[in-house]
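1. Provided below are the primary sequence and the corresponding predicted coordinates.
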Amino acid sequence: MPTPTTVNARFPRDAAPIRLFRNPKSGHCHRVELMLALLELPYETVDVDMANGAHKSAKFLKISPFGQVPAIEDNGEFLSDSNAILVYLARRYDAHDRWLPTEPLAAAQVQRWLSVAAGEIAAGPCAARLVTLFNVPLDHEQAIARAHALFSVMEKHLGGQEYLAGSAITLADVAGYSYIAHAPEGGVSLKEYPAILAWLERIEAQPGFVGMVRSPALA
């Protein structure tokens with residue numbers, strides 16, 4: 001449970017750490033934890049007992065109305081949805097706009113990959129992993145096919161640049177990392193994608209990087 005001191009914050013914050021409500025095996029939750037760590041923000045994790053329905057309790061629905069993780073509490077304010085939380089953290093605590101640029105084209109390039117995280121990544125490697133780790137009744141073969149279709153595009157894209165939205169790491173990479181790094185847990189091999197593997201290594205080499213708990217790989 002890292003509790004570093006935040007630096008270069010756009011807005012001051014009180015001494016209480018940000019609370020992250022999560023499932024430790026959720027890539028959506030991990031992308032938020034990774035952002036908190038990379039921003040050097042003090043935080044604490046609160047594991048939600050989803051197997052026993054804690055995410056649907058009246059108490060938790062006041063925190064996250066759709067009964068989903070992740071959610072955060074920061075200075076008494078609650079926010080849910082992983083990509084919304086990423087944007088909030090970057091806008092509030094990144095004084096140099098490193099993670100979410102303000103220049104229109106650069107900002108749009110980041111947004112495009114946030115949309116991919118909510119679309120192709122969710123329907124591909126995320127869905128495949130939901131089947132193998134959580135027994136969610138989805139079409140596993142279709143999810144695997146979608147993952148490889150996505151990775152083929154990403155492999156070409158990353159063959160010409162170091163990060164998804166350009167030459168520097170941004171929210172785009174944070175949003176994409178977790179489910180792609182853990183794609184083998186869903187039966188999706190990364191062996192044919194050297195540019196993607198190199199991209200994952202560059203993210204993992206970032207100061208403050210924290211990984212997500214790993215489950216037995218199936219590919």
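-> Thanks, I have the structure now.

2. Residue for residue, what is the longest helix the protein has?
-> Taking DSSP state H as the criterion, the chain has its longest helix at helix 140-158.

3. For the nearest residue to residue 193 once chain neighbours are set aside, give its distance to residue 146.
-> Counting by C-beta to C-beta, 6 or more residues apart in numbering, residue 193 lies nearest to residue 155, which is 4.8 Å off, once chain neighbours are set aside. Every C-beta, even on glycine, is put in place using the N, C-alpha and C of the backbone. Computed as C-beta to C-beta, to the nearest Å, the residue 155 to residue 146 distance reads 15 Å.

4. before we move on, the earlier item: correct me if wrong: the residue nearest to residue 193 contacts residue 198.
-> No: here residue 155 lies out of contact with residue 198, judged by C-beta atoms under 8 Å, at a distance of 10.3 Å.

5. what about those two, which has more around it?
-> The residue with more neighbours, out of residue 155 and residue 198, is residue 155; 18 against 12, by other C-beta atoms under 10 Å.

6. show me what contacts the more buried one?
-> 192, 193, 194, 195, 196 (C-beta atoms under 8 Å, 6 or more residues apart in numbering).

7. roughly how far apart are it and residue 195?
-> From residue 155 to residue 195 the distance is 5 Å (C-beta to C-beta).

8. Next, the buried residues of stretch 89-98.
-> 89, 90, 92, 93, 94 (16 or more other C-beta atoms under 10 Å).

9. closest to residue 51 among those residues?
-> Closest approach to residue 51 among these (C-beta to C-beta): residue 89, at 27.9 Å.

10. Against residue 50, how distant is residue 127?
-> Counting by C-beta to C-beta, the separation of residue 127 from residue 50 is 17 Å.

11. cool, and residue 143?
-> Separation of residue 143 from residue 50 (C-beta to C-beta) stands at 21 Å.

12. Compare the two and say which is more crowded by neighbours.
-> Set side by side, residue 143 and residue 50 show more neighbours around residue 143, with 25 against 18, by other C-beta under 10 Å.

13. those helices in the chain, which residues are they?
-> Taking DSSP H as the test, the helices found in the chain are 27-38, 58-63, 82-93, 104-116, 127-134, 140-158, 171-181, 194-204.

14. Now the second one: buried residues?
-> Residues 60, 63 are the ones in helix 58-63 that count as buried (16+ other C-beta under 10 Å).

15. Give me the contacts around it.
-> With C-beta under 8 Å, 6+ apart, helix 58-63 has contacts from 21, 48, 54, 67, 71, 73, 78, 80.

16. ok, the closest residue in space to residue 137 that isn't next to it in sequence - contacts?
-> Spatially, and ignoring its direct neighbours in sequence, residue 137 is nearest to residue 131 (7.9 Å; C-beta to C-beta, 6+ apart). The neighbours of residue 131, taking C-beta under 8 Å, 6+ apart as the test, are 137, 138, 140, 143, 186.

17. With residue 187 instead?
-> Here residue 187 is in contact with 128, 132, 140, 144, 218, 219 (C-beta under 8 Å, 6+ apart).
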